[in-house]
Each structure stands twice: as structure tokens, then as C-alpha cells.
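# Please work out how this folds:
(one chain, ligands or ions: 1)
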Amino acid sequence: MQKLVVLTGAGISAESGIRTFRDMGGLWEEYDIMEVASPEGWEKNPVLVQKFYNERRKQLLESEPNRAHRTLVELEKYFDVEIITQNIDDLHERAGSKKVLHLHGELRKAQSTRYPELVYEIDGWEIREDDRCEKGFPLRPHVVWFGELVPAMDSAVEISMSADIFVIIGTSLNVYPAAGLVDYTPDGIPIYLIDPEDIQYYRKQDIKIIKEKAGKGTGVLFEELTGNKLSF
Ligand code: APR
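Numbering: from 1, shown residues only. Next comes the predicted model:
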């Protein structure tokens, strides 16, 4: 089977009702990125940071995977699909995708503030102020903040290097190192980009653009790659 590697961003979850970051009305219009998504912000006001992620988590529990997530599952019948996602939601997993690598962490998990390797599933939607790890330290969201290392990056590079086809869905390609993954793909492989907006990208000439929202765009991709129509 050919390996289909898919890099996803906030846009793939937009049709599930989850807000993106940099679109009009995106989260970074309402919140100061450094206050809620950096170690300095956490240091300054952990209550605000917990509140921000608790709200995101609560909303996630009320959301469902959409057609785009389901189409990527359907593609597993034809390809060895590996998803590298910048998203912290679990909609790929809930749709049924088998191989999902989270570059920026997972919203439904908490980690020890002192021992980051101590990671816990969160029961419900809240990390509470008095929650502690097994060694007695407070818990924080299991999310990679600006200025922090991206521990899954080496695996993501390796996966990108092994791609036969590479697909980018719903990301503004603003945030590195994730945005640079396409540069690790083997020369000459087909690269697709699905996004309803024009994405500024220097390698655009090599990339097949499907200028659609993720739900419709992945349907177009599915037909092009398999020659079949989706049944949903
Ligand atoms: N279908 C597909 N794409 C969409 C849709 C949709 N329905 N709606 C919006 N988009 C596109 C936008 O046009 C934009 O290009 O999704 C992209 C979202 O971009 P960002 O908001 O910048 O999100 P993302 O690229 O995932 O952000 C990367 O930045 O804030 C950090 O850690 C956070 O993982 C995140 C990272």
C-alpha cells in the first residue's frame, strides 16, 4: 500500500464547530496568544490559562467529527494513512483514524508541571486547581505552548520522509516547525493542499490546490486518489 501522509490544522475541525486561530473571528482575535499559550503566560496567570483550556475541552466534548475526518478514515481502505495533526482535539481518533500523531499535544490530557512525562487522561472537561500528579505537583494542560519544544517533531519528520503522497488540510502554515514538514517529503511526490483561502506558501507551484472547505475538499481528493465516489 502507498503511504498517504496528511498534515491537518484547525481548519479540518472548523465544520465540527471548533474555532480556528487566525481566521476572522478566530481565537487569537479574542485572546492574547502569549497570555494563554506560553510558559510565561502560565507563570503569570495559571487560572486564566486553565480556564481557557477548560472551555476548549468543554466545547470539544460537545463536538463531533465531520465529513473530512470520516473521509480520512475511508481512505485507509486504499492507503496506509498516517495523520500528523497540529490539533489538540481528538476528532481524528473519534472518527476512527488508526495512526494519529499529535504535534501540539492533546486537550483531553493533563501533565505534571514538574514531571512532563507524567501524563493523565482528564475525566470530564476540567483540570481543577487542586488536581495533582502522583508526586504531588499541580497539573497543566498537555499542550505544547509557544516557545516549548515539539517532542513529536522527530517522528513527524520521519513520517513525512516516508510519504508517497502528502496532503495538507486546514492550516495557515504560520507555525513552525510544523509548517516546514512538507520540505522533508521526497522530491516529486504529489502534494495536495485543501483550504478555502489562499495560503501563502513559497512552494505553491509544486502543490495541487483544492480551494474548498475540508468536508467538500476531502471528497474531491478521495475521488481523485481512488477513482471512486464517497458514499456519505
Ligand atoms: N475547511 C478547511 N480549512 C479551513 C476551514 C474549513 N472549513 N475553515 C478555515 N480553514 C482554514 C483557514 O483558511 C486557515 O488557513 O484553516 C486554517 C486555519 O489556520 P490557523 O487558524 O492558523 O490554524 P493552524 O494552522 O492549525 O494553527 C497552527 O497555531 O495557535 C497555534 O498551536 C496552535 O496548532 C495551532 C497552530
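# So what touches the helix or strand hosting Thr218?
Taking DSSP states H and E as the definition, one finds Thr218 inside helix 214-226. For helix 214-226, contacts defined as Cβ atoms under 8 Å, 6 or more residues apart in numbering pick out 4, 11-12, 14-15, 66-68, 71-72, 74-75, 78-79, 165, 167, 169-170, 192, 194-196, 210-212, 228-230. (Each C-beta comes from the backbone N, C-alpha and C, glycine too.)
# in it, what's buried?
214-222, 225 (16 or more other Cβ atoms under 10 Å).
# Would you mind trimming those to those in range of the ligand?
Restricting the buried residues of helix 214-226 to those adjacent to the ligand (criterion: Cβ under 6 Å from any ligand atom) gives Ala214.
# Now for the buried residues of helix 214-226: which two are most distant?
Gly215 and Leu225 (16.4 Å; Cβ to Cβ).
# got a list of contacts for stretch 191-210?
By Cβ under 8 Å, 6+ apart, stretch 191-210 touches 11, 23, 165-173, 182-183, 185, 190, 211-214, 217-218, 220-221.
# spatially speaking, which residue is in the middle of this structure?
Asn87 (2.2 Å; Cα atoms, centre = their mean).
# Check for me that that one belongs to a helix.
No. Counting by DSSP: H, G, I helix; E, B strand; the rest coil, Asn87 is located in no helix; its state is coil.
# Can you flag the buried ones in the contacts of helix 214-226?
4, 11-12, 14-15, 66-68, 71-72, 74-75, 79, 165, 167, 169-170, 192, 194-195, 210.
# Tell me which of these fall in helices.
11-12, 14, 67-68, 71-72, 74 (DSSP state H).
# So which of the residues you listed reach the ligand?
Among those, the ligand is touched by 11, 14 when using Cβ under 6 Å from any ligand atom.
# Parallel or antiparallel, which strands does the strand ranked longest in the chain pair with?
As assigned by DSSP state E, the longest strand anywhere in the chain is strand 105-112. As defined by DSSP bridges, the strand partners of strand 105-112 come to strand 119-121 (antiparallel), strand 139-143 (antiparallel).
# Report the buried residues of it.
105-112.
# Same question for stretch 79-97.
Per 16+ other Cβ under 10 Å, stretch 79-97 contains these buried residues: 79-93, 95, 97.
# Kindly export the longest strand of the chain (C-alpha atoms) in PDB.
Extracted in PDB, the C-alpha atoms of strand 105-112 (Å, rounded to 0.1, in the frame of the first residue of the first chain):
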ATOM      1  CA  GLY A 105      -0.400  17.900  22.500                       C
ATOM      2  CA  GLU A 106      -3.800  16.600  23.400                       C
ATOM      3  CA  LEU A 107      -6.600  18.700  25.000                       C
ATOM      4  CA  ARG A 108      -8.100  15.800  26.900                       C
ATOM      5  CA  LYS A 109      -4.900  15.000  28.700                       C
ATOM      6  CA  ALA A 110      -3.100  16.800  31.600                       C
ATOM      7  CA  GLN A 111       0.600  16.700  32.600                       C
ATOM      8  CA  SER A 112       2.600  17.300  35.700                       C
END
